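>>> my questions are about this predicted structure, shown below with the sequence.
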Amino acid sequence: MTQVIPIERKSAVLTPSSLACLAHVPTVNLTAGCAHECRYCYARGYLTHPGEGKVTFYTNTLAKLREELRRKRKKPTTVYFSPSSDPFQPVPEVLDMAYDVFRFLLESEIGVTFVTKGRIPERHRKLLAAHAPLVQGRIGLITLDPAVASAFEPRTATPVVRLAQTAELIGAGILLDARLDPILPGVTDGPDCLEPLCAALAGIGVRTLAASVLFLRPAVIGSLRRHVGDKPMLDRLLNSFAGSEPMAIHAGNSRVRALPASARLEIMERLKSIAHRYGLEVLICGCKNPDISSGSCHISGRWPPAAREGSQLGLFQP
Ligand code: SF4
């Protein structure tokens, strides 16, 4: 059971992200911390993280957002949810706020891009479908294996649910891509995992997937050791990092432990060769892989050029 800590947000709702892919898009976190409790979640190491089993819920997000947008001369064309949480966490207050904030933005003709591993409730799906041209989404999915999913993502929607809701939203005309992030070396990087995943995604109409291999921070290592009870699986994962090296990524001044470039390239080549057989395009994020890619994962959406005019520069000033 997640402990919800309600607080009033003092700082701005629309915030820039330290991730280079999101540099020009305003982002919103409805919470600090995330009730999905993914064992590999990088946000566990952030200063704002409230600790395991807790989320800090910002009670005044909608009111503050209305006020911020009222004062802006130039409105954003798109808002991204969420850089270090998930808008569809299984917490009633968060889901209500997600609905109200999404509705406010969409009825203001402002686009919404979201990334989720959660169960999207029916009323939210209807809202998104009713505004399909203004909505893009990224569905996070690392495996179809329910045992692996529940070991690493204990409170997310099951892979079956994520696929079903993705199919429904694509059917409603929403552009949805997939994110294989993170690929877990030694656990989900083999053809036995990637092949059925690609087949399932292609089968429901996904055309693009962005992928990134897990990197380690101290908070992530601690979480994996505390929570992943399948010792052989945990050993395979952590032993894969035996030759790992510190790497600077394009997210603030972050330094992480990453697999050597050659090992990440080998995994990506394997994924690409499988994905291409199913007609899927693979994007490798240059923010998280500056040594092997200069590409973008398009996490903030793939909007037509007109919608990105001006790159939303200047949006963070009143
Ligand atoms: S859904 Fe995303 S933000 Fe939430 S715990 Fe999982 S990885 Fe972290």
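Yes, it's here.
>>> what about the helices in the stretch 201-318 of the chain?
With DSSP state H, counting those that start in this stretch as the criterion, the stretch 201-318 of the chain has helices at 218-227, 231-239, 261-277.
>>> out of those helices, which gets nearest to the ligand?
For the helices of the stretch 201-318 of the chain, proximity to the ligand was assessed by C-beta to the nearest ligand atom; helix 218-227 is nearest, at 9.9 Å. C-beta: built from backbone N, CA, C; applies to glycine.
>>> could you list the residues in contact with the closest one?
Contact partners of helix 218-227, identified using C-beta atoms under 8 Å, 6 or more residues apart in numbering, comprise 39-42, 44-45, 49, 52, 154, 214, 234, 237-238.
>>> please save the CA atoms from it in PDB.
What follows is helix 218-227, C-alpha atoms only, in PDB (Å, rounded to 0.1, in the frame of the first residue of the first chain):
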ATOM      1  CA  PRO A 218      23.700   3.400  -6.200                       C
ATOM      2  CA  ALA A 219      20.000   3.700  -5.400                       C
ATOM      3  CA  VAL A 220      19.100   1.300  -8.300                       C
ATOM      4  CA  ILE A 221      21.600  -1.300  -7.200                       C
ATOM      5  CA  GLY A 222      20.300  -1.100  -3.600                       C
ATOM      6  CA  SER A 223      16.700  -1.500  -4.800                       C
ATOM      7  CA  LEU A 224      17.500  -4.500  -7.100                       C
ATOM      8  CA  ARG A 225      19.300  -6.200  -4.200                       C
ATOM      9  CA  ARG A 226      16.500  -5.600  -1.700                       C
ATOM     10  CA  HIS A 227      13.600  -6.600  -3.900                       C
END
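>>> in stretch 229-244, which residues are buried?
233-234, 237-238, 240-241, 244 (16 or more other C-beta atoms under 10 Å).
>>> ugh, typo on my part, it should be stretch 156-168
Neighbour counts over stretch 156-168 (16+ other C-beta under 10 Å) mark 156-157, 159, 162-163, 165-168 as buried.
>>> name the nearest of these relative to residue 121.
Distance to residue 121, by C-beta to C-beta, is smallest for residue 165 among those, at 9.5 Å.
>>> how far away is residue 185 from the ligand?
17 Å (C-beta to the nearest ligand atom, to the nearest Å).
>>> doesn't residue 127 belong to a helix?
Yes - according to DSSP: H, G, I helix; E, B strand; the rest coil, residue 127 belongs to a helix.
>>> if I pick it, what's in contact with it?
99, 102-103, 106.
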